[in-house]
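Visitor: okay, here's the prediction I keep looking at, along with the sequence it came from:
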Amino acid sequence: DARVTQTPRDKVTEMGQEVTMRCQPILGHNTVFWYRQTMMQGLELLAYFRNRAPLDDSGMPKDRFSAEMPDATLATLKIQPSEPRDSAVYFCASGLGQAGAETQYFGPGTRLLVL
Amino acid sequence: GQNIDQPTEMTATEGAIVQINCTYQTSGFNGLFWYQQHAGEAPTFLSYNVLDGLEEKGRFSSFLSRSKGYSYLLLKELQMKDSASYLCAVRVPGNTPLVFGKGTRLSVIA
């Protein structure tokens, strides 16, 4: 059955290292969302794309985070350099339709720990 | 700004009924979603309300009152596997994605 996939599932790294997270949206979906979830803040939207174009990345710390969609089957979220406060679960979700008008289907998440 | 409020935690007994409330103050409203998230897993879609009233789907029902900025998720015949976080999310007008609440962690006890 169709589902969003994310890699890696878990990542432990040291402060200052680059982290790249990948997401494969459900085939045919045209919107992709990146979220960060922590106990304190809950689910926070970092960035989202529609038809591969970035629509909003205001939730992302621009100096260290970047999100791209090199093609319709791959979305990436990069942190460089990483910091301990970036430790969280990062979810990718995809949907079909106008951004905000679709049900979002979430991937399993990448659990990131920055030491 | 956008604000969505849910209780942080709730506990209920197996076989009972529980109601999880969500209130929202947002710049416009185009629908409300409920998601379920088990510990260590991704959120999964439960329900969607855009008109006032009750939507029933098996043991789960979701209610919406747009005039009151209020929704609830009703879970009947609780099972241990219903222990999870329940996230309320609001769709606002324009080209913007969902605004999520922080979730309610439900514990079902024997």
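Guide: Looks like it arrived, so ask away. Quantities reported herein were computed from a predicted structural model and do not represent experimental measurements.
Visitor: make it CA atoms for all contacts and neighbour counts henceforth
Guide: Will do.
Visitor: near chain A, which residues of chain B are found?
Guide: Residues of chain B found near chain A (Cα under 8 Å from any Cα of the partner chain) are B:41-45, B:91-92, B:94-98, B:100-103.
Visitor: list the contacts for residue B:102?
Guide: For residue B:102, the contact set (Cα atoms under 8 Å, 6 or more residues apart in numbering or on different chains) comprises A:41, A:42, A:43, B:4, B:5, B:6, B:8, B:87, B:88.
Visitor: for residue B:15, see how far away the third one is.
Guide: Going back to what we said before, that points to residue A:43. Per Cα to Cα, to the nearest Å, residue A:43 is found 30 Å from residue B:15.
Visitor: these two: which has the busier surroundings?
Guide: residue A:43 (21 against 15; other Cα atoms under 10 Å in any protein chain shown).
Visitor: what is the closest residue to that one other than its chain neighbours paired to in the beta sheet?
Guide: Among residues not flanking residue A:43 along the chain, residue A:37 sits closest, at 4.4 Å (Cα to Cα, 6 or more residues apart in numbering or on different chains). On the basis of DSSP bridges, residue A:37 is bridged to residue A:43, residue A:89.
Visitor: now do residue A:37, the pLDDT please.
Guide: Model confidence at residue A:37, given as pLDDT, is 94.
Visitor: got the contact list for the nearest residue to residue A:106 once chain neighbours are set aside?
Guide: Among residues not flanking residue A:106 along the chain, residue A:93 sits closest, at 4.1 Å (Cα to Cα, 6+ apart). Contacts were defined as Cα under 8 Å, 6+ apart; by that measure residue A:93 touches A:4, A:25, A:32, A:33, A:34, A:35, A:104, A:105, A:106, A:107.
Visitor: for the fourth one, give me phi and psi.
Guide: What that stands for is residue A:33. phi -120, psi 140 (degrees, to the nearest 10).
Visitor: what about it, how many residues nearby?
Guide: Residue A:33 has 27 nearby residues by other Cα under 10 Å.
Visitor: pretty sure it contacts residue A:44?
Guide: No. Judged on Cα atoms under 8 Å, residue A:33 makes no contact with residue A:44 at a distance of 10.5 Å.
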